[in-house]
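S.K.: let's see this in three dimensions:
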Amino acid sequence: MPDIYVPLPSHIYSCIELEELILTKDIILKPPPTDFKGFKHIRKLELSFILLEGDILSSLIANCPKLSVLILKDLSNLNNLVIDAPKLESMSLSVSSVGLLKLKNVPNLARTIWDSISTTTDRKTTEIADAIKHLSASCELKSLPLSSLSSKVGRLLRRPNQNVEVEHNYNYENNLKLGNLVELDIKGVTGSNAELKFIKYVLSSSIVLRKLTIKVRGIDDVVELKLQRELNAFQRASPKAQIIVS
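M.R.: Numbering: from 1, shown residues only. Predicted structure coming up:
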């Protein structure tokens, strides 16, 4: 973390015709001027290696009504993130820490990448897993690569010295069907109960799924074979769904 962050110049908020905003490295994003009316034309917002002040990010996203591409990477002080973006089609999250994560209004989201997300508490990790699940009821999601997050969800059920066991109550009702998901790629799978529950939910809910790719980590050939057999026994909503384990 740098010793000095440079504030984003306030005149940027007066550039109302902006269609793309990319901010990277050693910038602090503070609340905009009181007369800020939003970026009415921005379609792409990319933020990486910057410091956030308060809940500015949620407000900024909500004030970009035409936003279709959102890329967030290594943001400092990302406590709460509410994504309200009705035109959003693609989203990439690669952040080291996040508190509350809520996908409020993303009906057109078709592709999202979740990479290297860690959380402050077990409850926050559960909220992220639930956020992924509720994508099914709120958007047109077709592709969902997951990296690192799946293993974190899995570790919830088997961490030592934990007094509370975190469970996910996956809902198989029709209103939570993944009606558009075609491809799912999960990295870092260890075969935990929570991971298997999530995969079982996806397979039973994804009616047009074609390929589920699972990349294992830290298990031997015997355990991998057992995992493969368990996965093959899961019910599949899509007759064309293929499971690839590597």
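
S.K.: which parts of the protein are helices?
M.R.: Taking DSSP state H as the test, the helices found in the chain are 56-62, 122-134, 149-155, 193-205, 221-233.

S.K.: among those, show the one with the smallest mean pLDDT.
M.R.: Note on the helices of the chain: lowest mean pLDDT is at helix 149-155, with a mean of 42.

S.K.: hang on, isn't Arg111 packed against Lys142?
M.R.: Yes. Assessed by C-beta atoms under 8 Å, Arg111 is found in contact with Lys142 at 6.4 Å. Yep, even glycine has a C-beta here, placed from its N, CA and C like the rest.

S.K.: quick check: bridge partners of the residue nearest the centre of the chain?
M.R.: For the chain, the residue nearest the mean C-alpha position is Trp114 (4.3 Å; C-alpha atoms, centre = their mean). Beta-bridge pairing of Trp114 under DSSP bridges involves Leu93, Leu146.

S.K.: now do Ile22
M.R.: In this entry, Ile22 is beta-bridged to Glu46, by DSSP bridges.

S.K.: how about it, what does it touch?
M.R.: Lys44, Glu46, Leu47 (C-beta atoms under 8 Å, 6 or more residues apart in numbering).

S.K.: least confident secondary structure element in this protein?
M.R.: helix 149-155 (a mean of 42; mean pLDDT, DSSP states H and E).

S.K.: how many residues are close by Gly188?
M.R.: Neighbour count for Gly188, taken as other C-beta atoms under 10 Å: 18.

S.K.: go on, Leu45?
M.R.: Leu45 has 23 nearby residues by other C-beta under 10 Å.

S.K.: surely His41 touches Lys66?
M.R.: Yes. Assessed by C-beta under 8 Å, His41 is found in contact with Lys66 at 6.0 Å.

S.K.: how about the residue nearest to Ile28 when sequence neighbours are not counted, what does it touch?
M.R.: Leaving aside its sequence neighbours, Ile28 sits nearest to Tyr5 (C-beta to C-beta, 6 or more residues apart in numbering; 3.8 Å). By C-beta under 8 Å, 6+ apart, the contact set of Tyr5 is Asp26, Ile27, Ile28, Ile50, Leu51.

S.K.: now Tyr5: phi and psi?
M.R.: phi -110, psi 140 (degrees, to the nearest 10).

S.K.: report the separation between it and Glu89.
M.R.: Distance of Tyr5 to Glu89, computed by C-beta to C-beta, to the nearest Å: 31 Å.

S.K.: quickly name whichever of the contacts of Tyr5 is closest to Leu203.
M.R.: For those, the closest approach to Leu203 (C-beta to C-beta) belongs to Ile50, at 38.2 Å.

S.K.: quick check: pLDDT value at that closest one.
M.R.: 91.

S.K.: for Glu46, see how far away the residue nearest to it when sequence neighbours are not counted is.
M.R.: Setting aside the residues directly before and after it, Ile50 is nearest to Ile27 in space (C-beta to C-beta, 6+ apart), at 4.5 Å. According to C-beta to C-beta, Ile27 and Glu46 sit 12 Å apart.
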